[in-house]
Structures are given as structure tokens and as C-alpha cells.
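Engineer: A predicted structure for the sequence below; I have some questions about it.
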Amino acid sequence: MGIKTIVNGFEKFIHPLSNLLLIIATCTLLAMMFLTATDVALRYIFNSPIPGALEIVEYMMGILIPFALVYTARQRAHIGVDLIIEHLSERVRKKISAVTVFMTFVLFVLITWQGYYYIIEHYDSKLTSAVLYIPVWPFIILFTIGMAALTLILLAEFLKSLSKGRS
């Protein structure tokens, strides 16, 4: 079983997952916009804002950002600054890219791993939000799921760069 077979297996799992996370992120963004607009309208028209609207938006951001990052990474739409690298040979650029993807992969493995411990810590502490008393740990689970999905995308990208280096 070669690297390309492994990468294809990852992609068959990652693409539907990233599409699902994109749908969730999009719905979350729409809900955030609707909640914020409604809160502002109620505040100015009736002088009665939605209690806890800021907390809900903050929690939604914890869902939106990691889920949108997954789709962005899959599309390779992230920002790269290559002022120096563009003047190097194609072979050197590929090696630098592979090292960069590997280092990013290791970083997100650590983030995902620590996210797991963070879930346990907040579940045990029973930490809630100040106004609505919403538990924090379910949102940390969603954040960690997003980071795990991003880690899988980076692993697939790293394996692709290895297979390109061999051919």
C-alpha cells in the first residue's frame, strides 16, 4: 500500500467531513449575524437587548473559526508569503513546503492533543458562562473536532508532498 493510496483514503474521509463542517460554519455565521442584528435592533428600538447575546456569539466563534479553517486548508486557500521562496528552484520550494506542512501538522497534533485535556479539565470544573450558565466543555469538544480534522488535512498534504518528492 503506497502513499498515494493512503492519501486517497484520507481524502475520501476528509472531503465529506470538511463539507459538513463548512455547512455548520456557514449556519453558525448566519445565526451570529441574525442574533447580532436582532440584538442591536432590540437595543435601539425597545431599549431591551437580548440577554447573553454576547456570550452566545462568543461560543459561536469557537465553532465558526476551526470549522472554517478546515475548509480553507482543504482548498489550500490560506495566505502564504513567499517573497524569498519564489526565487528558489522548484525542488527547493517543494522541500521547504514539505517541511512547513510537517511543522504545521505537528503543531496541530499538539493543539488537538491539548484540546482533549482541556475538555476534561473544563468538564470536571463545571465551568459555565456568566449570564446564561452555558457549559463551556461542549464548545471545546467542537473546537477540538475542528482541530483534529485540520490535522488530518495537514497529514494528507504532507503525505502528498512526500509522494511528489519521490516521483
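Structural biologist: Thanks, I have the structure now.

Engineer: tell me who's in contact with Leu159.
Structural biologist: If a contact means C-beta atoms under 8 Å, 6 or more residues apart in numbering, then Leu159 has Ile3, Ile6, Val7, Phe10 as its contacts. (Each C-beta comes from the backbone N, C-alpha and C, glycine too.)

Engineer: pLDDT below threshold where in the chain?
Structural biologist: Along the chain, the parts satisfying pLDDT under 70 run over 1, 165-167.

Engineer: select from the contacts of Leu159 every entry located in helices.
Structural biologist: Among the contacts of Leu159, the members falling in helices (DSSP state H) are Ile3, Ile6, Val7, Phe10.

Engineer: and the helices in this structure?
Structural biologist: 3-45, 53-74, 90-125, 137-166.

Engineer: write the ChimeraX selection for whichever of the contacts of Leu159 are buried.
Structural biologist: Burial among the contacts of Leu159 is assessed by 16 or more other C-beta atoms under 10 Å; the matching ChimeraX selection reads:
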select :3,7,10
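
Engineer: and the contacts of Leu159 as CSV, adding distance to Thr104?
Structural biologist: Output for these, formatted as CSV (distance: C-beta to C-beta, whole Å):
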residue, distance to Thr104
Ile3, 18
Ile6, 19
Val7, 17
Phe10, 16
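
Engineer: pick the one among the contacts of Leu159 closest to Phe105.
Structural biologist: Phe10 (12.2 Å; C-beta to C-beta).
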